[in-house]
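Engineer: structure for this input, please:
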Amino acid sequence: MFERRLYKVILFMTLIISLISMVGNLFVGLPLIINVKWVVLFVISLIGYIKEKKNQNSDTYKFLYFFFVITVIIPVGYVDAGNLSGSNSLAYMFLFMISTVYLFKGIERYTLVALNIGSYFVLRTVAYHIPTFVRVYSDRMLFLDQVIQVPLAMLATYYLIRGFSNAYEEQKEELEADHLALQEMHDQLEVLAEYDMLTNLCNRRGFDKILGQIKQEQQMKNDDIYILIFDLDDFKNINDTFGHTVGDKVLRDFSEILTHKIKPPHTISRWGGDEFAMVYRGKREHLEDIIFELRESYHEILKQLKLSTSISFGYLKWHHEDDELDVIRKADQALYQSKKNKISSILI
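Structural biologist: Residues are numbered from 1 along each chain as shown. Next up, the predicted model:
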């Protein structure tokens, strides 16, 4: 996209330069034959510009266009410029050198650059050894031609570089916008990856991440932190008897109770299936009150199904020497003992 825009700028500027040069040459009284190259340049530039406007862009035509300008138009201009050749043609050579670097890659770029440099080398060598090879003009003609051609070449170079700069800034802004969009999408995916879709609680991945953060905090703080793992007893019976839709509703209703009762700085997670996990920061007495309230709330949910079952809890206090895996393993063992011994909760 950027190359096409830049190519159109070059073609448009070449059209303008050709028209001004033809009018200027006629105005200062230069021979009409000098305008032949400008007419040819105008025609091939117009063809290229029309093709680009119609989206009939052709890389082959673009390469042939530059090839023709570098190997034919500029050398003819060098000869026509005569003792002006040190300024006029050199300015256009630099202009097309810059354009070549921007518009082409690989072998095409190296070919055109080599032709440009080689063309100047050959022309300058021939003009030095055969002075009659180039035209000779009066001082007035030299002055008038230079004040027209050199500023035109400079102006064209300015527009070329400005076009490149504008396109670069636009692409930079687009890339920055794309980067922000990707970052936002990444953040959203991170959130989705760490939350359970059914209950809107954080999932095991999110809970593990929180445990890692707490472990770092534990190196600086001495808060009482308890890790709980608990599950809904005989939950499989609910699914088997009433179906998974009812089972999902029970999980959602219980999760809403958890969200309502367990506020920051505590953290609640759906550990998996009918198992939940909690990070509790505070005194054990208050924690046991919460466990009692959760059990009673769950009983209320099951009354609608005319069922009577409970929740098993396993929990422990997190000590500095324990890492995340230790506390989870121990809490899980406490839960297992709670279910095995039919005890509502066990503290390790």
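
Engineer: elements contacting the helix or strand harbouring S119?
Structural biologist: Assessed by DSSP states H and E, S119 sits inside helix 106-129. In this structure, helix 106-129 packs against helix 59-68, helix 74-81, helix 88-103, with contacts taken as 3 or more C-beta pairs under 8 Å, 6 or more residues apart in numbering; DSSP states H and E. All C-beta atoms are positioned from the backbone trio N, CA, C, and that covers glycine.

Engineer: mind putting those into a markdown table with mean pLDDT?
Structural biologist: As requested, these are exported to a markdown table (pLDDT from 0 to 100):
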| stretch | mean pLDDT |
| --- | --- |
| helix 59-68 | 91 |
| helix 74-81 | 78 |
| helix 88-103 | 80 |
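
Engineer: of those helices, flag the one that's most buried.
Structural biologist: Most buried of those by mean neighbour count (mean count of other C-beta atoms under 10 Å) is helix 74-81; its value is a mean of 22.

Engineer: so which of the helices and strands packed on helix 106-129 is nearest R109?
Structural biologist: Closest to R109 of these, according to C-beta to C-beta: helix 88-103, at 6.0 Å.

Engineer: which secondary structure elements does that closest one sit against?
Structural biologist: helix 2-28, helix 59-68, helix 74-81, helix 106-129, helix 139-193.

Engineer: right, so those helices: which one is the most enclosed?
Structural biologist: Using mean count of other C-beta under 10 Å, the stretch among those with the largest mean neighbour count is helix 74-81, at a mean of 22.

Engineer: how distant is that one from the center of its chain?
Structural biologist: Computed by C-alpha atoms, centre = their mean, to the nearest Å, the separation of helix 74-81 from the middle of its chain amounts to 47 Å.

Engineer: got the angle between that helix and helix 59-68?
Structural biologist: Computed with axes from the mean of the first three to the mean of the last three C-alpha atoms, to 10 degrees, the direction of helix 74-81 lies at 30 degrees from that of helix 59-68.

Engineer: what stretches of the stretch 151-300 of the chain score poorly on pLDDT?
Structural biologist: 218-222 (pLDDT under 70).

Engineer: go again with 80.
Structural biologist: Along the stretch 151-300 of the chain, segments meeting pLDDT under 80 span 151-168, 170-171, 186-192, 216-223.

Engineer: in it, what residue spans correspond to helices?
Structural biologist: Under the criterion DSSP state H, counting those that start in this stretch, helices of the stretch 151-300 of the chain are mapped to 204-218, 235-242, 244-261, 284-303.

Engineer: enumerate every residue touching F63.
Structural biologist: Applying C-beta atoms under 8 Å, 6 or more residues apart in numbering to F63 gives the contacts F104, E108, L112.

Engineer: for V191, see how far away it is.
Structural biologist: 50 Å (C-beta to C-beta, to the nearest Å).

Engineer: ok, now V147?
Structural biologist: Applying C-beta to C-beta, the value for V147 to V191 is 66 Å.

Engineer: cool, S165 as well?
Structural biologist: 39 Å.

Engineer: and what of K236?
Structural biologist: Counting by C-beta to C-beta, the gap from K236 to V191 is 30 Å.

Engineer: domain ranges for this structure?
Structural biologist: 2-175, 204-347 (automatic domain parsing).

Engineer: rebuild these as a markdown table, extending it with distance to Q183.
Structural biologist: Output for the domains of the chain, formatted as a markdown table (distance: least, C-beta to C-beta, whole Å):
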| stretch | distance to Q183 |
| --- | --- |
| domain 2-175 | 12 |
| domain 204-347 | 19 |
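
Engineer: contact partners of whichever helix or strand V36 is part of?
Structural biologist: Taking DSSP H and E as the criterion, V36 maps to helix 35-53. Defining contact as C-beta under 8 Å, 6+ apart, one finds that helix 35-53 is touched by 4, 7-8, 11-12, 14-15, 18-19, 21-22, 25-26, 57-58, 61-62, 65, 68-69, 73, 76-77, 80.

Engineer: mind doing that once more with 6 Å?
Structural biologist: K8, L11, T14, L15, S18, S21, M22, N25, Y65, I73, V76, G77 (C-beta atoms under 6 Å, 6 or more residues apart in numbering).
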